[in-house]
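*Asks:* how would this look folded up:
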Amino acid sequence: MTTPATAHDTMLHYIHDPLCGWCYGAAPLVAAARAVLPVQAHGGGMMAGRNRRRVDAQLRDYVMPHDHRIAQMTGQAFGEDYFNGLLKDTDAVFDSAPPIAAVLAVQSIQGEAAGLDMLAAIQRAHYQQGRRISDVSTLTELAQALGIDAATFTAELQRVGQEELDDHIAASRELLNYVGGRGFPTFILQRGDTLEVLDTGRWLGQPEQWAAYLRDETGTISSTSPAQESTPLQCDVQTGRCD
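*Replies:* Below you'll find the model as predicted:
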């Protein structure tokens, strides 16, 4: 495949899923990176299609230990309304497709930066507030909080779902395969026509150091000593397992 931006661009590609706990854990890294260079989000559809899941005891028992580990390693807050509300709501369905479509819809209406704002709002709604982020009503309220008219958003959400979503998820998976990535989140630094997967596991919980590293890598400040490599902390692209 061709590189996803023009030959002279320097940017950070962020392959994520709204229902990936490690992506929520990496949210402060995304926010810090945005102050250094352009960030482009690619939704991977971890729990879309046949992988969508209704909440049940098995799902709750699986995700809770991982979420506690993510909280411990990253400092990200997981709310009681998530642990003891959403994860006990057996009428709720975890489906990555609607929130990814919502990010794309907001991006279409207000631009790339607003799409990233929407993703952050979706993650907070899910992991802190225990809201159903696969429901259009929830997504519409989050879009309205960003200053987008409800009717405008729902119309664009429907269009994206019909015309763009499947291609976007397929392209995100293709990019992940192209760079040899195995899960979510994957961060890829693009410098010109070169793509480099960055080892972000070592920066979790350290957004300022991560921002300094990115400035170093993009030539904005003088070099710093490299950090030691770490084991990737990701949700598996095929199974959705978060280790």
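
*Asks:* just to check, residue 42 is in contact with residue 15?
*Replies:* Yes. The criterion here is C-beta atoms under 8 Å, and residue 42 meets it with residue 15 at 4.7 Å. C-beta here means a position set from N, CA and C on the backbone, and glycine is covered the same way.

*Asks:* comparing the two, which residue is more hemmed in?
*Replies:* Taking neighbours as other C-beta atoms under 10 Å, residue 42 and residue 15 compare with residue 15 leading, 26 against 22.

*Asks:* next, count neighbours for residue 75.
*Replies:* Quick note: residue 75 (other C-beta under 10 Å) scores 13 neighbours.

*Asks:* would you list the phi and psi of it?
*Replies:* phi 80, psi 0 (degrees, to the nearest 10).

*Asks:* that one: what's it in contact with?
*Replies:* By C-beta atoms under 8 Å, 6 or more residues apart in numbering, residue 75 lies in contact with 28, 205.

*Asks:* per-residue confidence at it?
*Replies:* For residue 75, the model assigns a pLDDT of 97.

*Asks:* residue 231 too?
*Replies:* Per-residue confidence (pLDDT) for residue 231: 50.

*Asks:* identify the contacts common to residue 42 and residue 15.
*Replies:* With C-beta under 8 Å, 6+ apart, residue 42 and residue 15 have common neighbours 172, 175, 176.

*Asks:* quick one: list the elements packing against whatever helix or strand the first one lives in.
*Replies:* I take that to be residue 172. According to DSSP states H and E, residue 172 maps onto helix 165-178. With contacts taken as 3 or more C-beta pairs under 8 Å, 6 or more residues apart in numbering; DSSP states H and E, helix 165-178 sits against strand 10-16, strand 39-43, helix 97-110.

*Asks:* quick one: strands adjacent to the shortest one?
*Replies:* The strands beside strand 39-43 in its sheet (DSSP bridges) come out as strand 10-16 (parallel).

*Asks:* right, and the helix or strand after the strand it pairs with?
*Replies:* Immediately after strand 10-16, counting by DSSP H and E, sits helix 21-25.

*Asks:* tell me which other helices or strands that following helix touches.
*Replies:* Judged by 3+ C-beta pairs under 8 Å, 6+ apart, helix 21-25 is in contact with helix 57-74, helix 112-127, strand 183-184, strand 235-236.

*Asks:* average pLDDT across that helix?
*Replies:* Per-residue pLDDT over helix 21-25 has a mean of 98.

*Asks:* ok, now which ones touch residue 91?
*Replies:* 54, 55.

*Asks:* lowest average confidence, helix or strand, in this protein?
*Replies:* Here the helix or strand of the chain ranked lowest by mean pLDDT, DSSP states H and E is strand 235-236, holding a mean of 68.

*Asks:* quick check, pLDDT for residue 113.
*Replies:* pLDDT, read off for residue 113, is 97.

*Asks:* buried residues in stretch 42-49, which are they?
*Replies:* 42, 43, 44, 45, 46, 47, 48 (16 or more other C-beta atoms under 10 Å).
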